[in-house]
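1. Just a sequence and a predicted model for now, questions to come.
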Protein chains: 2
Amino acid sequence: MFATMGALGLAPTAQATSREAAFRAPQGSDFTLTGRGAAKVVIVGGGIAGLATAYELGKAGYDCTVLEARGRTGGRNFTVRSGDSTVDSYGNRQTARFSDGQYMNAGPGRIPQWMVTMDYCRELGVPLEVFTNTNANAYVFNEKAGMKAPVRYRTAKADVYGYVSELLAKATDSGALDKALTGEDQDRLMEFLKDFGDLGDKLSYDGSERRGFTVDPAAAGTPGVPLGAVPTASEVFASGVGRYFSFEFGYDQAMLMFQPVGGMDRIPVALTKAVGGQRIRTGAAVTEITDRADGVSVTYTHGGRTRTLDADYCVAALPPNILAKTPHNLGPAVQSALEACKPSSAGKIGLEYRSRWWERDHRIYGGITETDMDLAHIWYPSYGFHGERGLVIGYYNYDRQADAYAKLTPREREARAVAQGVKINGEKYRSELASSFSHHWRQTPYLEAAWHSMEGGPDAAVFAPLNKAAGRVYFAGDHLSHTDAWQHGAFTSARKAVTALHARVLAG
Amino acid sequence: MFATMGALGLAPTAQATSREAAFRAPQGSDFTLTGRGAAKVVIVGGGIAGLATAYELGKAGYDCTVLEARGRTGGRNFTVRSGDSTVDSYGNRQTARFSDGQYMNAGPGRIPQWMVTMDYCRELGVPLEVFTNTNANAYVFNEKAGMKAPVRYRTAKADVYGYVSELLAKATDSGALDKALTGEDQDRLMEFLKDFGDLGDKLSYDGSERRGFTVDPAAAGTPGVPLGAVPTASEVFASGVGRYFSFEFGYDQAMLMFQPVGGMDRIPVALTKAVGGQRIRTGAAVTEITDRADGVSVTYTHGGRTRTLDADYCVAALPPNILAKTPHNLGPAVQSALEACKPSSAGKIGLEYRSRWWERDHRIYGGITETDMDLAHIWYPSYGFHGERGLVIGYYNYDRQADAYAKLTPREREARAVAQGVKINGEKYRSELASSFSHHWRQTPYLEAAWHSMEGGPDAAVFAPLNKAAGRVYFAGDHLSHTDAWQHGAFTSARKAVTALHARVLAG
């Protein structure tokens, strides 16, 4: 009966083997007996893909130079701290006024256990801590669905699971599943449902202590007062609170998740150090890429002057929408492919508070509040628990919602985010606010995208020219992966380019 | 329609208000104008309840002395580090040989967000980090149910939720719910089920990427290979994997949970420091408690000599099963109540490994593997991610299972735990083992219980004599709370005793 269980259960070390076999970093010893040596490579773009390319090629002695248009490496991996300044494409200038120790990960903020980003953190010595992606005490608030007040995630789950269990248990009990399941299977299902839904004797959901308490259980004499006023099944389904549950089942979003201690940019900072500062030129905006039979020439501006760098190979690790606007001789198929990578919008606002009222008043230590409002998500911080101050992500939204916020001034963005968040978190969401900083990727010079929409996926025919070398130019970036918008995509795409380039050099 | 939603959604600050109003610490200024002063109090037992009693009374200047029979404070809050030694009631002597930085919380190991333990950590300056109570990548393995290999929690969830959704969706589709739900409610339910179960077009569960992958999605050309061999509904229900899901819905076990950085004993260490070492006598085993009209006399042995301490009041914060064996004059009703507190068994083993193979090979960064084996639970560590070594809790079991392990020698316990764990975690569970340390509370001198079974709860009539003063003697401990076995119970019970004692002193 359980023959298949063995197949679905992972043999303990099987997954590790397949994963680690997938990439072998170039080594200097690879050149022994080949009569060849490491080549000179220019890498356009100092984000995760570009830095990883330089880092991995560097292990085998390649002479890499990274050209980064912005003033810092990391690309969209950008951690905002006090004093950091930005100017967006609408001309909004902001300087963060956060307190010491407070930061906002404007780009990537979380790492799933299985992604290679974890391995790079280990290899580079970047300490990790848990990223609080879900929290039973955080809220769900669907204002548009008619909810008058937020409910805690734990309450929403108890109610939805309670009624789903009741409905299925009663259907089973009435014989509706007799054709689908044997009696024994039905018994096992019923046992599960009673526990899963915390059903009463009559297979009814009548509330549950899982919903929470208004007065917590404590010493003798204080058994606690469970949350009352259990809504009806109709009310629960109409509220739409269950629509967020599947988020935490996703292969890429399921807890546990992680973040570098001190900010996500500890990763590019460590990569930059490992690559070597002398190999990286920031403020170097590429103006032309010319592929030739015997090499590649990359022209860029730096400090107001135009320069050209010649190399054996180039890895184009800049955003495809930016490369599409850069003169090159890589051909019309490459250009069509680049133009088919459609830039997407996303934005975040960091709200620094003078007190951690969400911990003291709401007993919310991290996690995400989900809404159907235009702020989409509110992130409570995963660091600095019990500290004096703290930083909440007041919106993290995409597409039209992000574009709408981007069109506002930073002050207006803050006002709009706070006005919405007050409905969930109460008046301290406004009164305790110290300062804010907002960031929108579609409006960020030299990036102009949070991520890219790749119709049909990165292996669709239109993108084929980017998944191989165009002459001596290779392409890398998370858009050329099956985990778009994740650093894992940038890392694995870089590894793919590195592997192909290195094999070509070794083959001569 | 949503009139009740307001009631079930917490008004943002309502819960905080009810919680913080529940306890007001004594203050020296309370005595102003009363003509009275703080009393002398002897506290028997230096666990969390006893230390919290001394700490809170000390805020108002009470002259407290804590008598602790063991060599350290903290009671069951015991963090085992290298060099720590124990002798159990069977005569087994152990000395921990863990590496620097590795520790095992032999007693409490996790703190829910809502418990007052969090507030004490804030007040005492004990830094917190996330305790990884659940993890999608950890395993479920029901050997007795016939499973041949472990499945990951994420896989088990995908399969159970998939089939439950399919069954309810098809029942709904066939009209089985027409009497229970309106058409509109059914539509909403169907929308939820399709998402919750990741159902296909025909309302069938055919597997899901939520189950996991054998080859992870990566760069272009590597879309990933989802876990194959989806079991049938019958197989899934027979495996019993769903029985663990409700654990994480519990009010006391739902994530996010927390632990002190560096070990749970950072709490009693901080309390001990706050109370003042000069007020605490360790190695002081109480041999008699005598309540008199004008005070209390407590006799104890210390360094081989018998001493007596006289005070105005006593707070008996030792385990009730120990007090029941201690001569006292508190009367037969108190004695009956003490004897009705039935001690329970629990044990843990800490397995230190030379490598963190669970992270590298299994991609399990913390969390708990659930089994139907006699080891019950395996805890992967919530600290030291990516470090060289790590410490796994190889069993955490209760009752008869704990008693059975307790009867073995420490070496036999290790062998038995490892033999079981190898079936789940593979051969490195044996080959990478560096050392182990096991601890069983029922066999721990001066405690002799992991927690207590209180029939009818702490407010049952038989326990009434412990929930008020017996003359000048008050009682405190987690057993006298509605959160037995949690530090919250010890803290809130201590607060209750402190409040009653202080009110009496103030009233004269």
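-> Ah, there it is. Numbers count the residues shown, from 1 in each chain, chains lettered A, B, ... in the order given.
2. May I ask which helix or strand of chain A has the lowest mean pLDDT?
-> Here the helix or strand of chain A ranked lowest by mean pLDDT, DSSP states H and E is helix A:3-8, holding a mean of 38.
3. Ramachandran coordinates for the closest residue to chain B within the stretch 401-508 of chain A?
-> As assessed by Cβ to the nearest Cβ, chain B sits closest to residue A:426 within the stretch 401-508 of chain A, at 3.2 Å. For glycine as for every other residue, the C-beta is placed from the backbone atoms N, C-alpha and C. When read as degrees, to the nearest 10, the backbone of residue A:426 gives phi 90, psi -180.
4. Surely it and residue A:361 touch.
-> Yes. Contact criterion Cβ atoms under 8 Å: residue A:426 and residue A:361 qualify, at 7.4 Å.
5. In chain A, where is pLDDT below threshold?
-> Along chain A, the parts satisfying pLDDT under 70 run over A:1-21.
6. Next up, phi/psi of the residue most central in space within it, please.
-> Central residue of chain A (Cα atoms, centre = their mean): residue A:108, 4.4 Å from the mean position. When read as degrees, to the nearest 10, the backbone of residue A:108 gives phi -60, psi 140.
7. What's the separation between it and chain B?
-> Distance, residue A:108 to chain B, by Cβ to the nearest Cβ, to the nearest Å: 16 Å.
8. Residue A:122 and chain B, how far apart?
-> 4 Å.
9. what's the nearest residue to that residue if we skip its chain neighbours?
-> Closest residue to residue A:122 in three dimensions, ignoring its sequence neighbours and counting by Cβ to Cβ, 6 or more residues apart in numbering or on different chains: residue B:386, at 4.5 Å.
10. same thing with residue A:306?
-> Excluding its sequence neighbours, the residue lying closest to residue A:306 (Cβ to Cβ, 6+ apart) is residue A:299, at 6.4 Å.
11. Excluding sequence neighbours, find me the nearest residue to residue A:365.
-> residue B:113 is the one closest to residue A:365 (Cβ to Cβ, 6+ apart), at 5.0 Å.
12. didn't that neighbour look like it was pressed against residue B:258?
-> Yes. Applying Cβ under 8 Å as the test, residue B:113 and residue B:258 come out as touching, 7.1 Å apart.
13. So if I had to pick from these two, which one is more boxed in?
-> residue B:258 (25 against 22; other Cβ atoms under 10 Å in any protein chain shown).
14. Give me the three-state assignment for the more buried one.
-> When classified by DSSP: H, G, I helix; E, B strand; the rest coil, residue B:258 comes out as strand.
15. Look up how far chain A lies from it.
-> Here the criterion is Cβ to the nearest Cβ. By it, residue B:258 lies 7 Å from chain A.
16. Contact partners for that residue?
-> Residue B:258 sits next to A:365, A:385, B:110-111, B:113, B:118, B:121, B:128-131 when contact means Cβ atoms under 8 Å, 6 or more residues apart in numbering or on different chains.
17. at 7 Å instead, please
-> A:365, B:111, B:118, B:128-131 (Cβ atoms under 7 Å, 6 or more residues apart in numbering or on different chains).
18. One more: residue A:180?
-> Contacts of residue A:180 (Cβ under 7 Å, 6+ apart): residue B:167.
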